[in-house]
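Visitor: Provided below are the primary sequence and the corresponding predicted coordinates.
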Amino acid sequence: MNKIPFNKPYLSGNELDYIALAVKDGKTSGNQLFSKKVHDFFNQNYSFKKSLFTTSCTDALEMSAILINICKGDEVIMPSYTFVSTANAFVLRGAKIVFADSYDNQPNINADNIEPLITSKTKAIVVVHYAGVACDMDKISALCKKYNLYLIEDAAQAIESYYKNKPLGSIGDISTFSFHETKNISCGEGGLLAINNDKFLERSEIIWEKGTNRSAFFRGEVNKYGWVDIGSSYLASDILAAYLYAQIENIDKIQKRRSKIWNIYSELFKEGEKNGWYDLPVIPAYATNNGHMFYIVCKSGLDRQNLLSHLKQNKIHAVFHYLALHKSDYYIGKHDGRILPNADKYTERLVRFPFFYELEHHQIISIYKAVSEFFKK
């Protein structure tokens, strides 16, 4: 058993009480009291035009692909250094994925490398705000406007993070969030679709409700409901929403604590960066840091492999992160052959350290000492 686990879900206090309330109320299916509270919070705090609570961020991404009518032959540009869900959602609709490289000094999509990838078949650009750090949204938004492309934000890790004072998730046509147990606020599994483009407001709810206009019927807007579009059962149980709402009520407290943990890590690990052992995360001037994760980038793949083994021996559960999708077993034969050196670098060298609300100062010191011990040897 790990002395220091990679993650430990945080209970803020009211989760079980709110779940019990939902159960006692007898309304535990989707789009009930707590789901609506979740929707209201996101719309009011981040200026989304519409929010829909989903069973996962993956489902929200799949809804995005349906909403923009992705068809076979369409091309979608996105970073290779991301989780498989980002690509899968569009592949399922028949899209060809065109992978872009990351920056040399940070894992986000390199906005300066996107334009040459745009063709007459390109339909959308999907950005991923890695570690909750914003992509260069002015440059990417300008490209979408110039070529009439949809902009989708995969903001799975980006709750409470901003680009030039704009909340992440509020800039693209559509955005998606994750409430997986490793995220800043969580409900085990869960996600959110946020709509910022008026043309998707009505249809998003229909897709969310299995392709029916059921929600409009219950609001009294139509006299009967039926099957009017494609869709699936993307809405999540109100039990999950009840759990999540308890976390939402404590989001300021959670964010303050996570920010403190990130800053402790950052101060401690500066010495190793000065010594040339590894590189630390870079936060561009246009971005904020939401304390989602702390990582280092080793100087070689061998360093990373040996460091992870060393930490495991010390009962510290650190992990590597994404495997670049352009080299995945599924997509390697479909990729156009371009070399993406930075995506490969992060695949081979990035290490994520334990990060959770109840991580204690002495545990962070133990992690730092174990890492320093490894590099000094």
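Guide: Looks like it came in fine.

Visitor: Break down the chain into its strands, ranges please.
Guide: 50-54, 75-79, 96-100, 122-128, 150-154, 162-163, 166-167, 174-178, 191-195, 278-279, 295-298, 350-352 (DSSP state E).

Visitor: how far off strand 75-79 does the longest one point, in degrees?
Guide: For strand 122-128 and strand 75-79, the angle between their directions (axes from the mean of the first three to the mean of the last three CA atoms, to 10 degrees) works out to 20 degrees.

Visitor: For residue 273, give its distance to residue 21.
Guide: Separation of residue 273 from residue 21 (CB to CB, to the nearest Å): 48 Å. All C-beta spots, glycine's among them, are computed from the backbone N, C-alpha and C.

Visitor: Out of the strands of the chain, which is closest to residue 134?
Guide: Closest of the strands of the chain to residue 134 is strand 162-163, at 3.8 Å (criterion: CB to CB).

Visitor: now the helices for this structure?
Guide: Remark: helices assigned in the chain by DSSP state H are 15-25, 33-46, 57-67, 84-91, 137-147, 201-208, 214-218, 238-248, 251-274, 301-313, 341-349, 361-376.

Visitor: Let's have the strands of the chain in JSON lines, adding distance to residue 249 and mean neighbour count.
Guide: Shown next, in JSON lines, are these (distance: least, CB to CB, whole Å; neighbours: other CB atoms under 10 Å):
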{"stretch": "strand 50-54", "distance to residue 249": "16", "mean neighbour count": "26"}
{"stretch": "strand 75-79", "distance to residue 249": "33", "mean neighbour count": "25"}
{"stretch": "strand 96-100", "distance to residue 249": "38", "mean neighbour count": "21"}
{"stretch": "strand 122-128", "distance to residue 249": "28", "mean neighbour count": "25"}
{"stretch": "strand 150-154", "distance to residue 249": "25", "mean neighbour count": "26"}
{"stretch": "strand 162-163", "distance to residue 249": "21", "mean neighbour count": "21"}
{"stretch": "strand 166-167", "distance to residue 249": "18", "mean neighbour count": "18"}
{"stretch": "strand 174-178", "distance to residue 249": "17", "mean neighbour count": "29"}
{"stretch": "strand 191-195", "distance to residue 249": "16", "mean neighbour count": "27"}
{"stretch": "strand 278-279", "distance to residue 249": "37", "mean neighbour count": "20"}
{"stretch": "strand 295-298", "distance to residue 249": "29", "mean neighbour count": "23"}
{"stretch": "strand 350-352", "distance to residue 249": "28", "mean neighbour count": "20"}
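
Visitor: Residue 10: which of those strands is closest?
Guide: Across these, closest to residue 10 is strand 174-178 (CB to CB), at 15.6 Å.

Visitor: Now do the closest one against helix 33-46, angle only.
Guide: 120 degrees.

Visitor: Just the C-alphas of strand 174-178, formatted as CSV.
Guide: C-alpha atoms of strand 174-178 as CSV (Å, rounded to 0.1, in the frame of the first residue of the first chain):
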residue,chain,number,x,y,z
ILE,A,174,-19.0,24.6,-26.8
SER,A,175,-17.0,23.4,-23.8
THR,A,176,-16.8,20.3,-21.6
PHE,A,177,-15.8,19.7,-18.0
SER,A,178,-15.0,16.6,-15.9
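
Visitor: Walk me through which strands it pairs with, and which way each runs.
Guide: strand 150-154 (parallel), strand 191-195 (antiparallel) (DSSP bridges).

Visitor: Make a markdown table out of the ones you listed and add mean pLDDT and distance to residue 280.
Guide: Converted to a markdown table, the strands paired with strand 174-178 look like this (pLDDT from 0 to 100; distance: least, CB to CB, whole Å):
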| stretch | mean pLDDT | distance to residue 280 |
| --- | --- | --- |
| strand 150-154 | 99 | 24 |
| strand 191-195 | 98 | 30 |
